[in-house]
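1. Here's my sequence, what's the structure:
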Amino acid sequence: MTIWKQSFDLDGLNATSENTLMRHLGIVYTRFGDNFIEATMPVCHFTHQPFGMLHGGASVALAETLGSIAANMCVSKNSYCVGLDINANHVRSMREGKVTGRAEPVHLGISTQVWQIDIRDDRERLVCTSRLTIAVKKKRNAKHSFKES
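-> Numbers count the residues shown, from 1 in each chain. Below you'll find the model as predicted:
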């Protein structure tokens with residue numbers, strides 16, 4: 001049984017990234033199922049830190065991107081979700097290639113959600129594991145809607 005309360009597809013999700021940090025970092029939504037969303041991000045000069053390795057902040061941006069979009073797809077159109085807290089453990093360095101993040105829910109409550117986001121390399125080795133806590137808010141007006149494509 002699916003956890004999603006809003007319908008979506010990969011083209012629509014990727015369209016929300018136009019003119020955002022996600023597009024700048026090369027984050028692309030690639031896959032989803034009944035209870036997960038995945039996206040990839042390149043490991044290259046614009047996601048590196050000064051020593052030529054994947055920047056931890058880029059990994060956190062991927063994790064928050066996945067958890068936030070997933071959270072917003074799990075609530076009615078009368079609600080929206082925002083991040084409250086995120087933590088990340090960077091367990092493997094990378095210099096090139098791409099990473100794939102996968103967000104899965106730990107808790108889907110009325111006022112909060114918790115998402116687990118694991119980021120892996122092309123060989124399925126864990127690069128970063130992150131937990132994102134989300135606040136679920138009621139919309140007061142349309143200014144909190146996702147951009148229409």
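
2. any idea of the mean pLDDT for the longest helix seen in the chain?
-> Secondary structure of the chain per DSSP state H: the longest helix is helix 56-73. For helix 56-73, the mean per-residue pLDDT is 98.

3. Nearest the geometric middle of this protein, what residue?
-> Centroid-nearest residue in the chain: residue 66, 1.2 Å away (criterion: C-alpha atoms, centre = their mean).

4. what's the closest non-adjacent residue to that one?
-> residue 103 (3.8 Å; C-beta to C-beta, 6 or more residues apart in numbering). Yep, even glycine has a C-beta here, placed from its N, CA and C like the rest.

5. show me the contacts for the one you found.
-> Contacts for residue 103 (C-beta atoms under 8 Å, 6 or more residues apart in numbering) come out as 36, 37, 38, 63, 66, 67, 70, 115, 116, 117, 132.

6. doesn't residue 41 make contact with the residue nearest to the centre of the chain?
-> No: Residue 66 is beyond contact range of residue 41, at 10.0 Å (criterion: C-beta atoms under 8 Å).

7. between the two, what contacts are shared?
-> With contacts defined as C-beta under 8 Å, 6+ apart, the residues shared by residue 66 and residue 41 are residue 101.

8. In a strand, the residue nearest to residue 66, correct?
-> Yes: judged by DSSP: H, G, I helix; E, B strand; the rest coil, residue 103 forms part of a strand.

9. and it, what pLDDT?
-> Residue 103 is assigned a pLDDT of 98 by the prediction.

10. Having no further points to raise, I will conclude here.
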